[in-house]
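>>> 3D, please:
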Amino acid sequence: MKKHFLAISVVIASFSMLLSGCEKEDPDAIKMEDVNKGIQIIIGKDGKEYEVVDLGLNSGNLWAVCNIGATSPEQTGSRFAWGEVETKQNFSWTNYRWANGDNLSITKYNNDKNRGTVDGKLTLELADEAPAAIMGEDWRIPTSMDYGELLKPANCSKKWCKLNGVGGYLFTSVRKGYEGNSIFIPLSGMMDNTSIRFEGQYGWYWSNQIYYDNGANKQYDYTQADAFLLEHSDVDNHHMDKRPRIVGLPIRPIYIGE
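Numbering: from 1, shown residues only. As a prediction, this is how the structure comes out:
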């Protein structure tokens, strides 16, 4: 009886090994060592250490390895409404910092008299940028030009991949002397009210400017702000987009100091 039991156990173990050997690795998976070349450490005003990467860009900006509030590149981290410096769990006009309950009573960054206080401000003041408020004044929200540097083929290659199972894009420098330095940006979707939407399909990241409709309208929309869009699709569809100022998006900060 013991011999039969032993024989059955060997067969089961062998079959299990055969199945595990047939499992295929995810072709999109990358390892953490693929995104940790060229890392430098910057101390923030909060005393924490922040990792940045020099991609050799003409601007001289250093890109953070992680989103604000994240401890690993693939994590979403904290989400912020546009122009707010503290995260929250509900994103709506009723609790937006720069409105009195709705989009017809905007109190800052507005030039439409039908929507509230007129001040003509189009770009976030430093005090209203989460990176500067949390990490120090040498940390900023990227501009549309900063995102444009990432997308320029002469600066970086980009690749859809998965880090620890999370989908996103790997931007790798092709600049001389910086080859291989890279950052991973996850597709974290957005948070609308208390719901997370489009996670894994789209990744929006705040810019520091009010949205300008360059199409037929040719005017600013003070209820919207510029956002960098990464999309997982067969089409190379990464560009500056717009999102309502009230939704919760992650921020990938840049360091503009020495």
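
>>> just the helices from the stretch 1-150 of the chain, written as ranges.
Taking DSSP state H, counting those that start in this stretch as the criterion, the stretch 1-150 of the chain carries its helices at 2-22, 130-135, 144-151.

>>> which stretch in the ones you listed has the least confidence?
The weakest mean pLDDT among those belongs to helix 2-22, with a mean of 46.

>>> quick one, strands of the stretch 51-200 of the chain?
Applying DSSP state E, counting those that start in this stretch to the stretch 51-200 of the chain gives strands spanning 62-64, 139-140, 156-163, 166-173, 182-186, 190-192, 195-197.

>>> any idea of the pLDDT on Glu23?
pLDDT, Glu23: 54.

>>> now do Asn237
Looking at Asn237, the pLDDT reads 78.

>>> mind telling me what element it is part of?
Under the criterion DSSP states H and E, no helix or strand holds Asn237.

>>> quickly note the distance from it to Met32.
27 Å (Cβ to Cβ, to the nearest Å). In this view, the C-beta of every residue, glycine as well, is placed from N, C-alpha and C.

>>> follow-up on the earlier one: can I get the strands of the stretch 51-200 of the chain in a markdown table with mean pLDDT and distance to Thr107?
Shown next, in a markdown table, are those (pLDDT from 0 to 100; distance: least, Cβ to Cβ, whole Å):
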| stretch | mean pLDDT | distance to Thr107 |
| --- | --- | --- |
| strand 62-64 | 98 | 30 |
| strand 139-140 | 98 | 23 |
| strand 156-163 | 95 | 38 |
| strand 166-173 | 96 | 35 |
| strand 182-186 | 97 | 32 |
| strand 190-192 | 98 | 21 |
| strand 195-197 | 97 | 26 |
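
>>> want to throw the ones you listed into JSON lines with mean neighbour count and distance to Asp28?
Output for the strands of the stretch 51-200 of the chain, formatted as JSON lines (neighbours: other Cβ atoms under 10 Å; distance: least, Cβ to Cβ, whole Å):
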{"stretch": "strand 62-64", "mean neighbour count": "25", "distance to Asp28": "22"}
{"stretch": "strand 139-140", "mean neighbour count": "24", "distance to Asp28": "31"}
{"stretch": "strand 156-163", "mean neighbour count": "18", "distance to Asp28": "5"}
{"stretch": "strand 166-173", "mean neighbour count": "21", "distance to Asp28": "7"}
{"stretch": "strand 182-186", "mean neighbour count": "25", "distance to Asp28": "12"}
{"stretch": "strand 190-192", "mean neighbour count": "20", "distance to Asp28": "23"}
{"stretch": "strand 195-197", "mean neighbour count": "12", "distance to Asp28": "22"}
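
>>> please identify which of those is closest to Asp119.
strand 139-140 (21.0 Å; Cβ to Cβ).

>>> that closest one packs against which elements?
Judged by 3 or more Cβ pairs under 8 Å, 6 or more residues apart in numbering; DSSP states H and E, strand 139-140 is in contact with helix 130-135, strand 254-255.

>>> residues contacting that strand, please?
Applying Cβ atoms under 8 Å, 6 or more residues apart in numbering, the external contacts of strand 139-140 come out as 44, 50, 64, 129, 131-132, 208, 253-256.

>>> and which of these is nearest Asn36?
Using Cβ to Cβ, Ala64 is the member of the contacts of strand 139-140 that sits closest to Asn36, with 13.3 Å.

>>> the closest one and Asn110, how far apart?
Counting by Cβ to Cβ, the gap from Ala64 to Asn110 is 30 Å.

>>> where does the protein have low pLDDT?
1-23, 234-235, 258 (pLDDT under 70).

>>> setting aside sequence neighbours, what's the nearest residue to Glu129?
Leaving aside its chain neighbours, Glu129 sits nearest to Ile141 (5.1 Å; criterion: Cβ to Cβ, 6 or more residues apart in numbering).

>>> please apply the same query to Ile43.
Glu49 (6.1 Å).
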